[in-house]
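> Below is the sequence, then the predicted model.
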Amino acid sequence: MSRNGKVLVAMSGGIDSTVTALMLHNQGYEVVGITMKTWDYAASGGSKKETGCCNLDSFNDARMAAVEHGFPHYILDIRDEFGDFVIQNFVDEYIAGRTPNPCVLCNTHIKWAALLKRANALNCDYIATGHYVKVREENSRFVLSKAKDLTKDQSYVLWGLGQDCLGRSLYPLGDMLKTEVRQLAFDLGYKELAKKAESYEICFVPDNDYRGFLKRQLPELEAEVEGGDFVLASGEKVGTHRGYPFYTIGQRKGLDIALGKPVFVTKIIPETNTIVLGEAHELQQSRMTVSGLNMVKYDSIQENMNAVTKIRYRDPGTESILNPDGDSVQVHFEHAVNSIAPGQSAVFYEGDDVIAGGIIRMGTL
C-alpha cells in the first residue's frame, strides 16, 4: 500500500514525463505508467517518419523506464477518438478560415478524459503529466498557475481543463527549471534522455506542413479553392492565391506576390475564397470576442475585470479589460496587439493564475 496514493502517469517516452514518473515513484506513490497512441502518421501519407510521442522508440523508452523501476506500464490506443475529434476539428477550422490549436483541444477533450477514465478503472487516486504548470486549491476551486520556469510554462495549452481534472492532477515539474529536470534525469542514469532534443511540432503533422496534411485529408480541396483573389482593404484585386485554407492571419512568407512593400494576410474570407492583404500596421487590433469559455480561478467573468491576455503560446500577454457578453467575453486591450487569429486560444491571467480561457472568434479595430 502506497503512503501517498496511486497515480496514473502519462508517459510519452520523453524527458519530462519520465522524470515525472520517477519523481513520484521515489516519493512513495504507487505509479502506473500509460502511453497514449494518438496518431499513426504513416497512414496520412506524410514524407517523414513519426516523431515525438507517437513512435515506437518513444513507446519503448517509456516501457523501459517503468520496467527498470518496477511499476506497470500500459499502452492506450486512442487513435479513433483523436482522429474523429481533433483531426476533424483541425480540418473544419481551416475550411472555416480560422487557425486551430489542436493541442489545446486534444488536452481538453481527449487526453485528460482518457486518463481519468483509465485512472478510475485502475483505482488510481491521481493522474500526472510532465507539463510545466502548478495547481493549488483556493476558495473551493482548483487554480491553474504558471510554472516556475516561465520559458517552459504550459498553462496556455491547459486552460481548457475542468475542475474535475485539475483536482486530481499532479504536476511535479511545476516548481522546477528545465535545467534541473535535465540534471535529475542525468543523475537517475538517463544520460541520453537528458540530452534528447524536444519536439514542438503538432504530433500528426511532424513535418510542419499543415497545407500538405490538409491536401492529403481532402484530395479535392486544392482544385476547389485554387485561384481565389488577393485583395487590399480597399477591395482592389492585386493577384490570385492557392486557396484560402492554405493561409493564416499574419502570414508574410509564401504569398508569392510582389507589391513593392512587405504585406501580410490580414483577413480570410472563406465565403468568397478571398485573402485580404495589408501592411504590418493593418494587423493591429485593440478588441476581440472570445467564446467557449472555461472558468478556472473564478466561476464567472465580472464587469470591467482586469487581466493580462495571451493570444498565442509565446505571447508575453497584454493588459486588458474583460466584459461578459452572453456566452462570450469582450476583450479590450490596453494597446493594440498584432495578428489576432480567430480559432486560436485566448487565456486570461491574474498574476500567474489562469482566470479563464476560450477561443478567439473575431478581432476588431
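Happy to help now that I have it. Numbering: from 1, shown residues only.
> only C-alpha atoms for contact and neighbour calcs from this point on.
OK.
> which secondary structure element contains residue 208?
Residue 208 belongs to no helix or strand when assigned by DSSP states H and E.
> where do the strands sit along the stretch 101-250 of the chain?
126-128, 133-138, 141-146, 169-170, 229-232, 237-240 (DSSP state E, counting those that start in this stretch).
> I'd like to know which of the ones you listed is closest to residue 347.
Smallest distance to residue 347 across the strands of the stretch 101-250 of the chain (Cα to Cα): 11.5 Å, for strand 141-146.
> which secondary structure elements does the closest one contact?
When contacts are defined as 3 or more Cα pairs under 8 Å, 6 or more residues apart in numbering; DSSP states H and E, strand 141-146 sits against strand 133-138, helix 163-167, strand 353-364.
> for these, which one ends up most surrounded?
With neighbours taken as mean count of other Cα atoms under 10 Å, the helices and strands packed on strand 141-146 reach their highest mean count in strand 353-364, at a mean of 22.
> now that strand, how far from the centre of its chain.
14 Å (Cα atoms, centre = their mean, to the nearest Å).
> contacting residues around it?
Contacts with strand 353-364, where a contact means Cα atoms under 8 Å, 6 or more residues apart in numbering, come from 143-146, 155, 159-160, 285-298, 340-349.
> repeat for stretch 170-189
Outside stretch 170-189, the residues that touch it by Cα under 8 Å, 6+ apart are 15-16, 19-20, 23-24, 126-135, 146-149, 152, 191-195.
> Scan the helices and strands of this protein for the one with the lowest mean pLDDT.
Within the chain, no helix or strand scores below helix 191-194, which has a mean of 80 by mean pLDDT, DSSP states H and E.
> and of the strands of the stretch 101-250 of the chain, who's closest to residue 74?
Closest among the strands of the stretch 101-250 of the chain, using Cα to Cα: strand 126-128, at 14.1 Å.
> by contact count, what packs against the closest one?
In terms of contacts (3+ Cα pairs under 8 Å, 6+ apart), strand 126-128 is packed against strand 6-10, helix 112-121, strand 169-170.
> Please point out which parts of the second one sit buried.
Spelled out, it's helix 112-121. 112, 114-116, 118-119 (16 or more other Cα atoms under 10 Å).
> These into CSV, with extra columns for distance to residue 101?
As requested, the buried residues of helix 112-121 are arranged in CSV below (distance: Cα to Cα, whole Å):
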residue, distance to residue 101
112, 16
114, 19
115, 21
116, 22
118, 25
119, 26
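> Quick one: mean pLDDT for the strand or helix carrying residue 268?
Under the criterion of DSSP H and E, residue 268 resides in strand 264-269. Strand 264-269 carries an average pLDDT of 96.
> And for stretch 195-209?
Mean pLDDT, taken over the full extent of stretch 195-209, equals 77.
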